[in-house]
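J.: below: sequence and its predicted model.
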Amino acid sequence: MSGTNTKHFTEGKILQPLLLFAVPVLFALFLQAMYGAVDLMVVGKFGDAADISGVSTGSQIMQTITNVLASFAMGTTILLGQMIGKGREEEGGTVIGASVVFFGVLSCILSVLLVLFAPQAARIMQAPAEAFDNTVAYVRICGGGTVVLTYYNLISCIFRGLGDSNTPLVTVAIACVFNIFGDLLLVGGFRMGCAGAAIATVAAQLLSVVISLVLIRRKHLPFAVRRKDLFWNGPVIRHVVSLGFPIALQDALVGISFLIILSIVNSLGVMVSAGVGVAEKVCAFIMLVSSAFMQSMAAFVSQNYGAGKYRRALRSLAVGIGISFSIGVVMFLVTFFHGDLLAGIFSNDSQVIAAAWEYLKSYAFDCMLTAIFFCCVGFFNGIGLTRFVMAQGIIGAFCVRVPVSYFMSRRRPVSLFHIGLATPASSLVQTILCFACLFLVCRKWKRAGKL
């Protein structure tokens, strides 16, 4: 396969290729997180607590949609990775063609729903009265660009399935710079508030898709995507859905659990809502390393699983956990002891910063736990155990995170530190479940003579 842009992870060392793949994924995720963060930063500098609350609630809704779409598209990543591992790269065009059609239909449906039901979404989120209209405007504008958002995530997943994590980084970097200038112009210059931030975000995502398509045409791929591949290919779509749907459903329900927590917090007042909104933006960054290793692990393990190299897949999991956990400890220390400095990046209001730091102190513990179980989730996605990934996510979200946060919110006086403990408590349960499943997988492989 020399001369193509496909990378094979089934031979040679593990640490170097895993890091070389994970680092661009990390930077791409960082820049993608900057979309919502820049919106909040600019609005926070030029607006008040109501503006911050509107953007934080609206962007949290859109971030949930983004995570679901990216997780669904992981079905394409896994399927392509397994085909490459089996030496069947030429079938990639069929997979991509079917994925383009399927996700096009899905994104159109989501776009219509978000535009029509934005007020209902803001009401469910208990958006404070002062921030209600801002929240609706942000969701409607970003929701109208769901088609663009969907194809950006699909294209990124296709490249990662081929072992190429650099191209998504290039496209999102250019788009992020465009988004920053758009925010400064529309929010800072024309004082368009939440609407301006949303317009800048959608325009930046559209630019990233256009750049991605240009780069695809210039790359030498190990297969051709022809017009005849662009149709509703039932068997291929079912295969992609069978892999991606459990991951997407898990992320959707997990996202809903965080929206429920935000709804609980919103009911406590606009200042608390703004503080948690700022904290959530900080959390989006401190969790990036774990998220990068989760995506990288899925791509790395899927190729080795497809090639029947089960022991190598397990070794890559151990390497990933070691690196991710080491960084997680550092992130814990920074967040717990200096969370006020991190929150100050997004707001000048001392009360908002204090509320954000109180929430971040409990969230900091999650940096170490997610470093472990996110790698495990990537491993299970890579070997196709996406239903287990869905199950553990649902258990963590609705059996631990939501009940604990609700119980803590009912205690008086209300403590954002106690409410924030719901997330690491959930992660601890999910880590235990992942290790239990890993034990069963290893025992099954040993009995089958695969280890």
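T.: In hand now; what should we look at?
J.: now the helices for the stretch 1-150 of the chain?
T.: Here the stretch 1-150 of the chain has its helices, by DSSP state H, counting those that start in this stretch, at 15-46, 49-85, 92-116, 118-124, 132-144, 146-161.
J.: which residues touch Leu249?
T.: Leu249 is in contact with Met390, counting by Cβ atoms under 8 Å, 6 or more residues apart in numbering. From N, CA and C alone the C-beta is placed, and that goes for glycine too.
J.: any idea how far it lies from Val389?
T.: Distance, Leu249 to Val389, using Cβ to Cβ, to the nearest Å: 10 Å.
J.: flag the shaky bits of the stretch 1-150 of the chain, pLDDT-wise.
T.: Within the stretch 1-150 of the chain, the segments meeting pLDDT under 70 span 1-8, 35-36, 47-49.
J.: check contacts around the residue nearest to Leu15 when sequence neighbours are not counted.
T.: Leaving out its chain neighbours, the residue that sits closest to Leu15 by Cβ to Cβ, 6 or more residues apart in numbering is Val319, at 5.5 Å. By Cβ under 8 Å, 6+ apart, Val319 lies in contact with 14-15, 18.
J.: Val100 contacts Ile155, correct?
T.: No - at 9.4 Å, Val100 does not count as touching Ile155 under the criterion of Cβ atoms under 8 Å.
J.: more neighbours: the two, which one.
T.: Ile155 (24 against 18; other Cβ atoms under 10 Å).
J.: residues contacting the more buried one?
T.: Residues in contact with Ile155, defined by Cβ under 8 Å, 6+ apart, are 168, 171, 209, 212-213, 216.
J.: please repeat the previous calculation with a cut-off of 6 Å.
T.: When contacts are counted by Cβ atoms under 6 Å, 6 or more residues apart in numbering, Ile155 touches Ser212.
J.: so what pLDDT did it get?
T.: Model confidence at Ile155, given as pLDDT, is 85.
J.: now do Phe178
T.: Phe178 carries a pLDDT score of 88 in this model.
J.: try Cys399
T.: What the model reports as pLDDT for Cys399 is 93.
J.: give me the neighbour count for it.
T.: Counted with other Cβ under 10 Å, residues neighbouring Cys399 total 12.
J.: so it, which state does it fall into?
T.: Under DSSP: H, G, I helix; E, B strand; the rest coil, Cys399 falls in the helix class.
J.: mind checking how far it is from Ala422?
T.: For Cys399, the distance to Ala422 equals 11 Å [Cβ to Cβ].
J.: repeat for Met294
T.: Met294 sits 21 Å away from Ala422, going by Cβ to Cβ.
J.: before we move on, what about Leu341?
T.: 24 Å.
J.: the two: which is more packed in?
T.: The neighbour count for Leu341 versus Ala422, taken as other Cβ under 10 Å, is higher for Ala422 (27 against 13).
J.: just list the residues touching the more buried one, thanks.
T.: With the criterion set at Cβ under 6 Å, 6+ apart, Ala422 makes contact with 401, 404-405.
J.: in a markdown table: those residues, plus distance to Gly92.
T.: Output for the contacts of Ala422, formatted as a markdown table (distance: Cβ to Cβ, whole Å):
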| residue | distance to Gly92 |
| --- | --- |
| Arg401 | 38 |
| Val404 | 44 |
| Ser405 | 43 |
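J.: which one of these sits closest to Lys444?
T.: Distance ranking of those against Lys444, using Cβ to Cβ, places Arg401 first at 29.8 Å.
J.: strands of this protein, start to end?
T.: With DSSP state E, there are no strands along the chain.
J.: where does Ile372 land on pLDDT?
T.: 96.
J.: how about it, what does it touch?
T.: Counted by Cβ under 6 Å, 6+ apart, Ile372 has contacts 321, 325, 431.
J.: for Gln60, state which of the residues you listed is nearest.
T.: Of all those, Gln60 sits closest to Thr431, with 24.5 Å by Cβ to Cβ.
J.: which residues does the closest one contact?
T.: 369, 372-373.
J.: do the same with Gln351
T.: Residues in contact with Gln351 (Cβ under 6 Å, 6+ apart) are Met271.
J.: what's the answer for the one 5 residues further on, then?
T.: Shown in contact with Ala356 (Cβ under 6 Å, 6+ apart): 275, 278-279, 343.
J.: name the nearest residue to it, sequence neighbours excluded.
T.: Leaving out its chain neighbours, the residue that sits closest to Ala356 by Cβ to Cβ, 6+ apart is Ala343, at 3.7 Å.
J.: what is the burial count for the one you found?
T.: The burial count for Ala343: 24, using other Cβ under 10 Å.
J.: so it makes contact with Val352?
T.: No - using Cβ atoms under 6 Å, Ala343 is not in contact with Val352; the gap is 7.4 Å.
J.: can you list residues touching both of the two?
T.: In contact with both Ala343 and Val352: Val278, using Cβ under 6 Å, 6+ apart.
J.: pull out the buried positions in stretch 292-309.
T.: Across stretch 292-309, burial judged by 16 or more other Cβ atoms under 10 Å covers 292-307, 309.
J.: among the contacts of Thr431, which lie within helices?
T.: 369, 372-373 (DSSP state H).
J.: without its sequence neighbours, what residue ends up closest to the residue nearest the centre of the chain?
T.: Residue closest to the mean C-alpha point of the chain, counted by Cα atoms, centre = their mean, is Asn67 at 4.4 Å. Excluding the flanking residues, the one nearest Asn67 by Cβ to Cβ, 6+ apart is Asp251, at 4.7 Å.
J.: now that neighbour: how far from Phe245?
T.: Applying Cβ to Cβ, the value for Asp251 to Phe245 is 11 Å.
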